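Colleague: sequence first, predicted model second:
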Amino acid sequence: MSTPVFAIDLDDPPATRWRGLAPHASAIRKLCDVYLEDLGGVDEYTPLLAGYEAQCLTVEQRAELDAVAAIAGRPHAHAALANLYYDALKFAFSGLLGCTAFGVDTASGPLHARNLDWHAPHKVLQKHTAVFELRRSGRVVARTVGWPGFIGAFSGVAPGKFSVTLNAVLSEDPPAVQTPVTFLIREVLETASDFDEAVLRLAETPIASDCLLLVVGARPGDRVVVERTPSRHALRTVDAGPLVVTNDYRSLTDGGARGILGATACQRFDRARLLANTHLTPPQAFSILGDPEVKMEITVQQMVLLPVDGSVWVDGAEVCGAVRG
């Protein structure tokens, strides 16, 4: 089954820019139910969500959540919890969100590959994976890989500039009432002028919870892992070869994933670093992502992003080609 692509016109009002999701309302409801089940419902979170949104989300972001909730025929709190799920895990970490990613220079330009590892029943996330083209003045400013109803970004590319993916990690630092990282990633994809600005903003903006961000630029050598807690950061690079990230800090201290993610982080890191090389094509990158020592049973998305032209590949197939002009 091919991956659908949705065009999101950022020049439209927030209340209408997601209207193309209307035929997929049932998918939004299913995805909301996954998050609600994992966190044990929404009732105890509703007051916290309302206060958090008032302090940390923009009027535009809250309007987009209203629009998504209306399409799904669900309360605003359901859409909000689904979109803020990653940060909620900082408060009640379940150990079920992982990832492996790597960036490497190739003859045709930098390549950014990633597995998104996330426990979800009935393969709901795999079934509803979609690409979203964020457009302004008729031009594609960013592409994200996600699901209907999710307005932030775990993975995305700004054509001709950079790409970003998020991996889970957990530090000893307390969570903070700050910007949700998935919303920050989308904002940076939309508005950062280049790789250097993207790295600076992703490193220094206060955020709600821990994460590892792999940023790959359009120029050879532009790749960095931004290791984050809500208030601290460190930048990790390599002089040559692939830059790999799984689910542990390697520059910061005091943290790492728990459970199977923590137990397999080093194995996945070492295997991806061994296999990745400068001769990779996107199909060859998928063979690495599918290697038995890299892919996990909870892998729900596999993708390759090409920052030079904004191409997006999902599950071994090109979904969006080069952005021209």
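Modeller: All right, it came through fine.

Colleague: pLDDT below threshold where in this protein?
Modeller: 1, 89-97, 121-122, 254-263, 325 (pLDDT under 70).

Colleague: surely V226 and L212 touch.
Modeller: Yes: V226 is within contact range of L212, at 7.4 Å (criterion: Cβ atoms under 8 Å). Where C-beta positions appear, they are placed from N, C-alpha and C, glycine not excepted.

Colleague: could you pull out the strands in the protein for me?
Modeller: 5-9, 100-104, 111-117, 130-136, 139-146, 155-158, 162-167, 211-217, 223-228, 233-236, 243-245, 299-306, 311-314, 317-320 (DSSP state E).

Colleague: can you put these in JSON lines and add distance to L275?
Modeller: Formatted as JSON lines, those follow (distance: least, Cβ to Cβ, whole Å):
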{"stretch": "strand 5-9", "distance to L275": "29"}
{"stretch": "strand 100-104", "distance to L275": "9"}
{"stretch": "strand 111-117", "distance to L275": "10"}
{"stretch": "strand 130-136", "distance to L275": "26"}
{"stretch": "strand 139-146", "distance to L275": "22"}
{"stretch": "strand 155-158", "distance to L275": "20"}
{"stretch": "strand 162-167", "distance to L275": "18"}
{"stretch": "strand 211-217", "distance to L275": "16"}
{"stretch": "strand 223-228", "distance to L275": "17"}
{"stretch": "strand 233-236", "distance to L275": "20"}
{"stretch": "strand 243-245", "distance to L275": "10"}
{"stretch": "strand 299-306", "distance to L275": "14"}
{"stretch": "strand 311-314", "distance to L275": "17"}
{"stretch": "strand 317-320", "distance to L275": "21"}
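
Colleague: tabulate those strands (JSON lines), appending distance to F269 and mean neighbour count.
Modeller: Below are the strands of the chain laid out as JSON lines (distance: least, Cβ to Cβ, whole Å; neighbours: other Cβ atoms under 10 Å):
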{"stretch": "strand 5-9", "distance to F269": "32", "mean neighbour count": "15"}
{"stretch": "strand 100-104", "distance to F269": "8", "mean neighbour count": "28"}
{"stretch": "strand 111-117", "distance to F269": "12", "mean neighbour count": "27"}
{"stretch": "strand 130-136", "distance to F269": "27", "mean neighbour count": "20"}
{"stretch": "strand 139-146", "distance to F269": "22", "mean neighbour count": "22"}
{"stretch": "strand 155-158", "distance to F269": "19", "mean neighbour count": "29"}
{"stretch": "strand 162-167", "distance to F269": "11", "mean neighbour count": "30"}
{"stretch": "strand 211-217", "distance to F269": "11", "mean neighbour count": "26"}
{"stretch": "strand 223-228", "distance to F269": "11", "mean neighbour count": "25"}
{"stretch": "strand 233-236", "distance to F269": "12", "mean neighbour count": "16"}
{"stretch": "strand 243-245", "distance to F269": "5", "mean neighbour count": "25"}
{"stretch": "strand 299-306", "distance to F269": "15", "mean neighbour count": "24"}
{"stretch": "strand 311-314", "distance to F269": "22", "mean neighbour count": "23"}
{"stretch": "strand 317-320", "distance to F269": "27", "mean neighbour count": "17"}
